[in-house]
Structure formats: structure tokens, C-alpha cells
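*Asks:* Sequence and computational prediction follow.
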Amino acid sequence: MSTSAKSFFASIYDDLDPSGVGVVNTWIRTSTGLKEVIADPVNLRVKALGMRIEDLADPTVGGLVEGLTDDDVPYTKFTAYALPGDEMAWVTHGFLKEGVILGFFSDGINANVWALYGEDGRDEAPRDTQHDRIVLLAANKEPTTPVAPTGYTCPAATEADADDISELMKTTFSDYPSSLDQDTIAEAIREESHLFRMLVDESGTLAAVASAEIDHRRCAAEMTDCATRPDQRGRGLMSYLLWRLERDMVHDYGIRDLYTLARADEPGMNCAFAKLGYTYTGRLVSNCRMPNGWESMNIWCRHSEKVSGLDPTLAI
């Protein structure tokens, strides 16, 4: 491991064996300013936000890139969420452009997502077959406005709901890229890093849940944590939840730039976002651990120019 990479990980972990440790956010200063770096040992990746091509010459950033060839580092994918421009320079440095997240930065500037891999085969997920067919299927869906499901209420979750949310998520996903622990979910609700909305049926049972992961500093939000009880699927519940969360983001948080990372091999979620008016903008290859092992994620983005007020008759 290079000295700079070793120093970086030693500064954020108690040791250099971070197995079981959650995502850690830290900051480094380069010649172009402060950059946020996210170490994610569960998914064996490092993300660096706000990067410019000049930052690759920084000893710490360069060390992290070089570390991909070292068997001792706890990651095999380095992703730069970069400011636009210098595309040929990124390619020259060996990076693959996986997509764009529209309006990701606080001034509305897009993020180009560049990836570099250190594990043989991790960058070779299918790109032209089933995943592309699912995108085409979704893109051909007509935009629709979801209808409030009869007999359900749609409250925003509180810390008291964390146990039910955790249980539903765990029964839906045998593996997941982030912690599904009750305490982790409660903390996210308490600290307002996530806004969860739920659909609860007439018996008071949680039927579906989704969240908006809010980046307050950048004024963007990722729509995520989508789970529906198996016996409740096919009723349009998730589309309605996401529609409500979008309005929460606009009306309560002033956030209009929304995106999601949808499992590339799952038609339902890709179609749900397409019908809500999201645009496909790329694919993150072998990006996280899911029930099928390494899974690629499709990027869907939406900028809400105008969101009408909620119907006051809707159950909340």
C-alpha cells in the first residue's frame, strides 16, 4: 500500500482491517480546494466528490488511485464525482465514464461519474444485453401521476417506526449496500439525513417504504430504500411513495434535483422512475453488494421545475 493511501485509511479507521465498519466520510484538501471522500468497505469502493482532473496529482488522491493495485487496500473501485470538462484527460488516466448525475452540485452543475477498477472482472458486468433492454422498456413508459391507494395512509416515519422499517427491508433484501439495522435507520431519521415515507394498510401493517437521502449541502437528494411487502406488490404503492417524497423535497427542503440508483436487472423500479418523469443518464457497474452479488445500478435523474401542491384530501 502506498504511504499516502495507508495514512488516509489509518486516519479514518482504528486499524487497516475495516471489515464490518460502516461508511466513513472525511475531507482532504487538494490544490483545487476541499474534497469529500467517502470510504465504503462493505462495497469495496471509495468515492471522491467534486473532483477536478488536477486533483489526481495530489499525493493523497494519487495514492488512493494507485492503491487499487495493492491487495492490502479495502476497496477495488474508485469513483470520482467530477466537475464537467477534461473528458479526454480522464480517459487518458484510465477512467471509464459511467454516467452523469444532473444538478448534483449545489450550484446546479452536473457531476460526471468516472470509475477506475482494481479487481479483475469487476468492470465487466453485462452492459449491452438484459440491462439495456430494461432501460429501453422503462424509457418507453408514458409519464403518469400516481393515484393515492384506497385505504392506505402515508405518514412520514419517526424514530419509533425504525424497527418496522428495518424488518421490512431485511425481509426484502438478503444483502444490501448499507446497514439495515434499526438503530442506523433511527439515527438517519433523527438527524434528518433521510426522510422516510411509509404506506400503512387498514390493519396498521407497514406495506411499503421509501426514503429520500438528503444532501443538504449540495441541495440534492437520492431516492432510495424502496421496499414493498411481497403480498402488496403490483398495486402502484412504490410509485405513489416516490411521488410524495418528491413533493416533500421540493416543498419542505427546497430540493429540486433528484436522482436514484436503480438495480439494473430489476424492471419494476426502472419503470417506476421512468413513469415519474426521470431520465436515464448512465450505469454504475458492479457498484454495490445486493442479493445477486455485485450489481450494477442505473442512474435516473429528474429536476422538478414545478411541483403542484398536494391534494388536501390525501391521507397523510
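*Replies:* Perfect, I can see it now. Numbering: from 1, shown residues only.

*Asks:* Need the single longest helix in the chain, by residues.
*Replies:* helix 237-253 (DSSP state H).

*Asks:* Could you pull up the mean pLDDT of it?
*Replies:* For helix 237-253, the mean per-residue pLDDT is 95.

*Asks:* now that helix: how far from the chain's centre is it?
*Replies:* 16 Å (Cα atoms, centre = their mean, to the nearest Å).

*Asks:* got the angle for the next helix or strand after that helix vs helix 237-253?
*Replies:* Next along the chain after helix 237-253, taking DSSP states H and E as the criterion, comes strand 257-263. On the basis of axes from the mean of the first three to the mean of the last three Cα atoms, to 10 degrees, strand 257-263 is oriented at 150 degrees to helix 237-253.

*Asks:* Pull up the distance across stretch 195-212, start to finish.
*Replies:* Terminal residues of stretch 195-212 are spaced 5 Å apart (Cα to Cα, to the nearest Å).

*Asks:* related to what we said a few turns ago, give me the contact list for the longest helix of the chain.
*Replies:* For helix 237-253, the external contacting residues (Cβ atoms under 8 Å, 6 or more residues apart in numbering) are 144-149, 152, 154, 156, 195, 197-199, 207-212, 214, 216, 221, 223, 226, 228, 255-256, 258, 268-269, 272-273, 275-276, 302, 304, 307, 309-310. Every residue, glycine included, has its C-beta placed from N, CA and C.

*Asks:* Give me the subset of those lying in strands.
*Replies:* 195, 197-199, 207-212, 214, 221, 223, 226, 228, 258, 302 (DSSP state E).

*Asks:* what sits up against stretch 38-51?
*Replies:* So stretch 38-51 is contacted by 9, 12-13, 18-26, 33, 35-37, 55, 61, 64, 74-83, 105, 111, 114, 119, 177-178, 287-289 (Cβ under 8 Å, 6+ apart).

*Asks:* Quick check: beta-bridge partners of residue 257?
*Replies:* Note on residue 257: beta-bridge partners by DSSP bridges are residue 220, residue 303.

*Asks:* Any stretches of the stretch 151-300 of the chain with poor pLDDT?
*Replies:* 291 (pLDDT under 70).

*Asks:* Just the buried positions in the longest helix of the chain, please.
*Replies:* 237-246, 248-250 (16 or more other Cβ atoms under 10 Å).

*Asks:* And stretch 202-220, by the same measure?
*Replies:* Using 16+ other Cβ under 10 Å as the test for burial, stretch 202-220 gives 206-215, 218-220.

*Asks:* among these, which two are most distant?
*Replies:* Across the buried residues of stretch 202-220, no pair lies farther apart than 207 and 218, at 31.8 Å, counting by Cβ to Cβ.

*Asks:* Would you mind measuring from the nearest residue to residue 300 once chain neighbours are set aside to residue 239?
*Replies:* In this structure, residue 300 finds its nearest non-sequential neighbour in residue 278, 3.8 Å apart by Cβ to Cβ, 6 or more residues apart in numbering. Residue 278 sits 11 Å away from residue 239, taking Cβ to Cβ, to the nearest Å as the criterion.
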